[in-house]
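Peer 1: heads up, no residue letters with this:
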């Protein structure tokens, strides 16, 4: 049973993410946790109103949150009527990032699905600020960010962007492999190259290990020259190969980190047009456990 957390503010953007999730997991047994957080401004001072029509402001906001969640569940069930899906609603007086972190731990969430909405023109940002905060503060669970106007397409073409500078463990790649298995998707490993430069010995080793992990899936390696920025390069690559979903591991100096730190003028062409799967890196404990599993597997094979 998959446990999927979907934060919502009841906007069209949030509904689009919910709609995508319902279709993506239409054949999987899932419990969806719909979350709405609220932090109402509490008036202070003797001349500030603390009541609205006889109801305390905090209670009014909480009631609106709970009613909004129930209406959302009713809308989902009316549209999809999927017996494989069950729903839990969570209305919380808390900061979004803190509540998400707590719920991931307390419910054992497997995936977070969230909408993402950027500005336009010169103020274009990589993703909406709430989405970026969730990505930066969530270390134990992958995040699937759905663009505001993206209409669901079965993800049969998935890109995995990497520079091969980091060793990826099998556990870290599981979210990518599970999606590829669900939809019999082709995985396209894309490496953004800076100038004409051969892979180092370390990069070649990491590439070989990655291909070993992907051996049960159709996959290809693409090396592309950097254009104006990493974000624009990946955007063009995704358009040309009709990529349905882009996956990246989130770690220090990763492509994802580079993209969030690029100057605004270089990000104007990147509008997060396709869903983005952000995979958190394992802590040292997780990496150690994974290496032990790999060593045991190799010993078994050698016998």
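Peer 2: Looks like it arrived, so ask away. Computed from a predicted structure; not experimentally measured.
Peer 1: contact partners for residue 103?
Peer 2: Applying CB atoms under 8 Å, 6 or more residues apart in numbering, we find residue 103 in contact with 5, 33, 35, 90, 109. (C-beta placed from N, C-alpha, C; glycine too.)
Peer 1: tell me which strands the helix or strand harbouring the first one pairs with, and in which orientation.
Peer 2: Per DSSP states H and E, residue 5 falls inside strand 2-7. For strand 2-7, sheet partners with direction are given as strand 30-37 (parallel), strand 111-116 (parallel), following DSSP bridges.
Peer 1: for residue 13, find the nearest of these.
Peer 2: Among those, strand 111-116 comes nearest to residue 13, with 4.1 Å by CB to CB.
Peer 1: ok, now which ones touch residue 186?
Peer 2: So residue 186 contacts 156-158, 180, 217-220 (CB under 8 Å, 6+ apart).
Peer 1: could you export the residues you listed as TSV, including secondary structure?
Peer 2: Shown next, in TSV, are the contacts of residue 186 (DSSP: H, G, I helix; E, B strand; the rest coil):
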residue	secondary structure
156	coil
157	strand
158	strand
180	helix
217	coil
218	coil
219	strand
220	strand
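Peer 1: against residue 24, how distant is residue 181?
Peer 2: Distance, residue 181 to residue 24, using CB to CB, to the nearest Å: 13 Å.
Peer 1: low-confidence ranges in the stretch 101-250 of the chain?
Peer 2: Across the stretch 101-250 of the chain, residues meeting the criterion (pLDDT under 70) sit at 117-128.
Peer 1: 80 - rerun?
Peer 2: Low-confidence segments of the stretch 101-250 of the chain (pLDDT under 80): 117-130, 132, 194-197, 227-229, 231.
Peer 1: so which residues of it form strands?
Peer 2: 111-116, 143-147, 157-161, 186-193, 219-225, 245-250 (DSSP state E, counting those that start in this stretch).
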